[in-house]
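Trainee: Here is the input, now give the coordinates:
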Amino acid sequence: MNKILLFTSFVLCGVLHVFGQPKMDVKKTVDSIHVLIKLANSEKLNSNFGSALRYSTKAVELARVSDLKLEKAQAYNGLAGTYNILNDDDNSKKYFLLALQLGQELEDNITISAALNGLGDLYSKKAETLDVAIEYYEKSFDYAKVSKNPNHICGWYLSMANLYLNFKNADKALLFIELAQKHLTENNLEYPMYWATYYHHKGLYHFQKKQYRAALESLNKGISIGQENNLHIELIDLYELKSKIYEARGQYVLANKNLKKLQEYKNMNFNAEKNVQIEEVNTRFKISEYERDLAEAKYEKKILDSRNEIITIVLIAFVLFAFLIGYIIHTVKDRQRERDSLAERTKIEHLTKLKSEFLTTISHELRTPLYGVMGITSILSDDKTLTVEHKNLIKSLQFSGNRLHELVNKILRITDIESDRVAVNKNIVNLKGLVKDIVQSLEYSANEKNNKLIINLDPSVDILYYIDSLKISEILNNLITNAIKFTNNGRIVIQIKRLQAAEGNNYLSFKVIDNGIGIARENHELIFQNFKQAIEENTSYGSGVGLSIVKNYVETLGGKIELESELEKGSTFSFDLYCEIATPSIIAQHSNHVKSRPLKVLVVEDNKINQMITNKLIVSIGHSCTISHNGMEAVELCKSDNFDLILMDINMPIMNGFEASKTIKSFKPEANIVALTALEISEVKDQCFSVGMVGIVNKPIGKSELNDIIQMNVAS
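Mentor: Prediction:
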């Protein structure tokens, strides 16, 4: 609820300070600055942050040009408050400190108090700077008492309550909540934002005390005030807390309903158009500051030049001479051609990097909402009360979610391949069983096109191998899916033969043969390129990355993909690989011991929907689940309880997954911590293992996959 501090700062800065009778033109300027500050605050309350920033920057510029120190300080406080609500901490701190400096020069208690309050808010965001925040708040209150401003005193009470509630110290927070309520009533303060904030803090106090009914009563009062007065930021906090309460009570439908309201106000608060306006105004203001600094620098340089004219002339002559020599050297033809070639290569590399980064970013951003979609559909599919019609709809939704998940993973694999981040990860697998599972999963797609899948395996390969089964699965899945796509009323043969047997290894031949439409010879190389397809008619669909992944994975495993195909005569994709046999010693070394008892699992996750889904999945498997909203909370839970497994998100507020894992391992080295993240594994693998994590898993994740992860990472 940071907005209460910003409103307090405005109330203080909006008070007119009159030292004698100013001249008429100065008075007009002062009045204009106060109007701008008032307009900025009004826009801020209505969540129009682009307009608020525009008015605040105009107030700063007008005060600076007119050299009105007090108004400049007030404008700085208003500008700092706007940056604070936009989470631009660097600029917010900069202008609060400038306001504080001017306030101290002028010995103006109200300006000093507002700046100190704002700095306290900035430092209250992190646990490690909590003491600094409290020190700023206490100093601010001292100046507020001297000024006897009831608005600021009340705002300070609410800020202190918020500070202690954020760090789960409900008993200390209660004192300030009660003082705020008493102050609001006794002084007849009717600021809607104060009352909405008061009811939020009171609700949060009851929530932390697990007094859920009392908490909901307070929140409903706050929501009523917020809706009447369009207090979007307050409504975001109120609905978020209300969702937490229903979640704690196991009322997930109501929790989800309040999450939707929360998102509705978030969208109203920060839509794309507002962000563009904010960035535009912010950029213009920074340019004007730069131009002002540049003008001052030019003026100083002019004075310096007048004193050092001879030195300047010599330096200019030297620079001109150096440029002349450089020009002659760089006009040599061989060097020019070399430079042009280098520039072209650099440009291509830059464009490739940009493309890779863009695809990775988009794919990462898709994984978190995908987890919500796939998780909720998985939970709904287990509902025995669903009608046949609804079950079919859920299955269609699951199919679409799985297709999108598959596409995201393929794009990320391509970016990994381009960045040389692909490694071989071996595990023990029965190759015959692996192929049967792949074929079984694709039977439905094959039957839709009246195709028959035939497995032709050499009996000698019915043994355990120590190979990278994930990559081989990906290769075969892509090849068989492609064959199904371009074959109608036909047959697709999956063939594996042993070509050679040596000590500890089998040299195996893999083939996927179809009698589909075939591929023209001139397109044989094209189809293995990223995002390329040989056929662009309606029969062709997909991302165009499957065969590119196949080619790179086969080469990573030490083989080479071959293609034999002609139009209307079908296609044969083949590759040969050395496959290590899983000897008894390898099996003993890599076997996992499964625990059958119910396990205690801690899920560290800040996304509310993901919390709900992961909790439901873990409980449905038969284990108990505890939810932690951030890394710091997880550390405290681990100090007082023992968990069999910790599923740790990476990107979280207050303390991220890396810091939390490192801290937990420092006092509980035996803790089993697995990263559950939307980031690509190759990007965070080294850092995860360096802080003591034992595994990494990508979101989204299904029930069976989650069960495997729990069992694999909890050894008896």
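
Trainee: contacts for stretch 181-194?
Mentor: 3-4, 7, 45, 150-151, 153-155, 157-158, 180, 195, 198, 202, 225-226, 228-229, 231, 234 (Cβ atoms under 8 Å, 6 or more residues apart in numbering). The C-beta positions use only the backbone N, C-alpha and C, and glycine is treated the same way.

Trainee: how about the strands in the chain?
Mentor: 427-430, 452-457, 464-467, 491-502, 505-514, 562-565, 571-580, 600-604, 624-628, 645-648, 673-677, 695-698 (DSSP state E).

Trainee: Going along the chain, name the helices of the stretch 101-250 of the chain.
Mentor: 109-123, 130-147, 150-166, 170-186, 192-208, 212-228, 232-248 (DSSP state H, counting those that start in this stretch).

Trainee: Please convert the strands of the chain to a markdown table, extending it with mean pLDDT.
Mentor: Shown next, in a markdown table, are the strands of the chain (pLDDT from 0 to 100):
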| stretch | mean pLDDT |
| --- | --- |
| strand 427-430 | 86 |
| strand 452-457 | 95 |
| strand 464-467 | 91 |
| strand 491-502 | 93 |
| strand 505-514 | 95 |
| strand 562-565 | 92 |
| strand 571-580 | 94 |
| strand 600-604 | 94 |
| strand 624-628 | 94 |
| strand 645-648 | 94 |
| strand 673-677 | 90 |
| strand 695-698 | 83 |
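
Trainee: Going by neighbour count, list what's buried in stretch 692-708.
Mentor: Using 16 or more other Cβ atoms under 10 Å as the test for burial, stretch 692-708 gives 692-703, 706-707.

Trainee: okay, the residues you listed in JSON lines with distance to T556 next?
Mentor: Listed next are these as JSON lines, based on distance: Cβ to Cβ, whole Å:
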{"residue": "G692", "distance to T556": "29"}
{"residue": "M693", "distance to T556": "25"}
{"residue": "V694", "distance to T556": "25"}
{"residue": "G695", "distance to T556": "22"}
{"residue": "I696", "distance to T556": "19"}
{"residue": "V697", "distance to T556": "22"}
{"residue": "N698", "distance to T556": "19"}
{"residue": "K699", "distance to T556": "25"}
{"residue": "P700", "distance to T556": "25"}
{"residue": "I701", "distance to T556": "25"}
{"residue": "G702", "distance to T556": "26"}
{"residue": "K703", "distance to T556": "31"}
{"residue": "L706", "distance to T556": "28"}
{"residue": "N707", "distance to T556": "29"}
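
Trainee: In helices, which of these fall?
Mentor: Cross-referencing the buried residues of stretch 692-708 against helices under DSSP state H gives 703, 706-707.

Trainee: Name the helix or strand of this protein that has the lowest mean pLDDT.
Mentor: One helix or strand of the chain scores below all others by mean pLDDT, DSSP states H and E: helix 3-13, with a mean of 45.

Trainee: what residues are up against the residue nearest to G226 when sequence neighbours are not counted?
Mentor: Spatial nearest neighbour of G226, chain neighbours left out: L235 (4.2 Å); criterion: Cβ to Cβ, 6 or more residues apart in numbering. The contact partners of L235, taken as Cβ under 8 Å, 6+ apart, are 196, 223, 226-227, 261, 265.

Trainee: Could you identify the most distant pair in those residues?
Mentor: Greatest spacing in those, by Cβ to Cβ: A196 and K261 (14.8 Å).

Trainee: Look at those two and report which has more neighbours.
Mentor: A direct count of neighbours by other Cβ atoms under 10 Å for A196 and K261 places A196 higher, at 28 against 17.

Trainee: Mean neighbour count, the helices of the stretch 101-250 of the chain: which tops it?
Mentor: Most buried of those by mean neighbour count (mean count of other Cβ atoms under 10 Å) is helix 109-123; its value is a mean of 27.

Trainee: Next, the angle helix 130-147 makes with it.
Mentor: Counting by axes from the mean of the first three to the mean of the last three Cα atoms, to 10 degrees, helix 109-123 lies at 160 degrees to helix 130-147.

Trainee: Now do helix 109-123, average pLDDT.
Mentor: The average pLDDT for helix 109-123 rounds to 86.

Trainee: For it, list the C-alpha coordinates in PDB.
Mentor: Extracted C-alpha coordinates of helix 109-123, given in PDB (Å, rounded to 0.1, in the frame of the first residue of the first chain):
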ATOM      1  CA  ASN A 109       9.600  20.700   8.600                       C
ATOM      2  CA  ILE A 110       6.800  19.600   6.200                       C
ATOM      3  CA  THR A 111       9.100  19.200   3.200                       C
ATOM      4  CA  ILE A 112      11.700  17.400   5.300                       C
ATOM      5  CA  SER A 113       9.100  15.100   6.800                       C
ATOM      6  CA  ALA A 114       7.600  14.200   3.400                       C
ATOM      7  CA  ALA A 115      11.100  13.400   1.900                       C
ATOM      8  CA  LEU A 116      12.100  11.200   4.900                       C
ATOM      9  CA  ASN A 117       8.800   9.400   4.700                       C
ATOM     10  CA  GLY A 118       9.300   8.600   1.100                       C
ATOM     11  CA  LEU A 119      12.900   7.400   1.700                       C
ATOM     12  CA  GLY A 120      11.500   5.200   4.500                       C
ATOM     13  CA  ASP A 121       9.100   3.600   2.000                       C
ATOM     14  CA  LEU A 122      12.000   2.900  -0.500                       C
ATOM     15  CA  TYR A 123      14.100   1.200   2.100                       C
END
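
Trainee: the inter-axis angle of it versus helix 150-166?
Mentor: Using the same axes, to 10 degrees, helix 109-123 lies at 10 degrees relative to helix 150-166.

Trainee: Helix 109-123 - contacts with which helices or strands?
Mentor: Here helix 109-123 touches helix 3-13, helix 69-85, helix 89-106, helix 130-147, helix 150-166, going by 3 or more Cβ pairs under 8 Å, 6 or more residues apart in numbering; DSSP states H and E.
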